[in-house]
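K.L.:
This is a predicted model, with the sequence first.
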Amino acid sequence: MEQIVTKKKVLIVDDEPNVRRLSRTILSKNFDVVEAEDGKQAIEIANTQQPDVILMDMMMPKMDGLTACHAIKKDPATKSIPVIMVTAIGFELNIKLSQQMGATGYVTKPFTPNDLLDKIEQVLATP
């Protein structure tokens, strides 16, 4: 009998279609990938689809990633979903802010496929 392996679900949140496309290409072999183009959409999808991990861009229109991360972490229905912040600016202050908003990890653009996969595996392996 064939065993059905369910892939973990990753929500990619970025306002730039090219970044979403690149991330989807890197991740779709190992994960089910869903996408959002801003923080508001991210919160809705986090609630309805309950991804296993969220990759959240920091700088977006409508609602930035830190605000969306904070909202996801405040909601009892989504607070256990790990959020990895993704940004072009790797300042110590941004890392601290991300952690204060509840982010589990941090990846700086431009990232390599291995950077992204390693960070996701690391976060998913942490209880």
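P.N.:
Yes, it's here.
K.L.:
for Asp118, helix, strand, or coil?
P.N.:
Here Asp118 is helix, with the state taken from DSSP: H, G, I helix; E, B strand; the rest coil.
K.L.:
Report the central residue of the protein.
P.N.:
Centroid-nearest residue in the chain: Leu55, 1.5 Å away (criterion: CA atoms, centre = their mean).
K.L.:
quick one: strands adjacent to the helix or strand containing that residue?
P.N.:
Using DSSP states H and E, Leu55 maps to strand 53-57. Here strand 53-57 is paired, per DSSP bridges, with strand 9-13 (parallel), strand 83-87 (parallel).
K.L.:
any weak-confidence spans in the chain?
P.N.:
Applying pLDDT under 70 to the chain flags the ranges 1-5, 90.
K.L.:
For it, just list every one of the helices.
P.N.:
Here the chain has its helices, by DSSP state H, at 17-27, 39-49, 65-74, 92-100, 113-125.
K.L.:
Of the ones you listed, which is nearest Lys9?
P.N.:
Nearest to Lys9 among the helices of the chain is helix 39-49 (6.7 Å), distances taken as CB to CB. Every residue, glycine included, has its C-beta placed from N, CA and C.
K.L.:
buried ones in the closest one?
P.N.:
Neighbour counts over helix 39-49 (16 or more other CB atoms under 10 Å) mark Gly39, Lys40, Gln41, Ala42, Ile43, Ile45, Ala46 as buried.
K.L.:
Dump these into TSV; add distance to Lys79 as well.
P.N.:
Below are these laid out as TSV (distance: CB to CB, whole Å):
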residue	distance to Lys79
Gly39	16
Lys40	18
Gln41	19
Ala42	14
Ile43	12
Ile45	15
Ala46	10
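K.L.:
Specify which member of those is nearest to Leu97.
P.N.:
The shortest gap between Leu97 and any of the buried residues of helix 39-49 belongs to Gly39, at 14.5 Å (CB to CB).
K.L.:
Distance check, that closest one against Phe91.
P.N.:
According to CB to CB, to the nearest Å, Gly39 stands 20 Å off from Phe91.
K.L.:
Arg20 contacts Leu11, doesn't it?
P.N.:
No - if you go by CB atoms under 8 Å, Arg20 and Leu11 don't touch, sitting 10.6 Å apart.
K.L.:
Lovely, talk soon.
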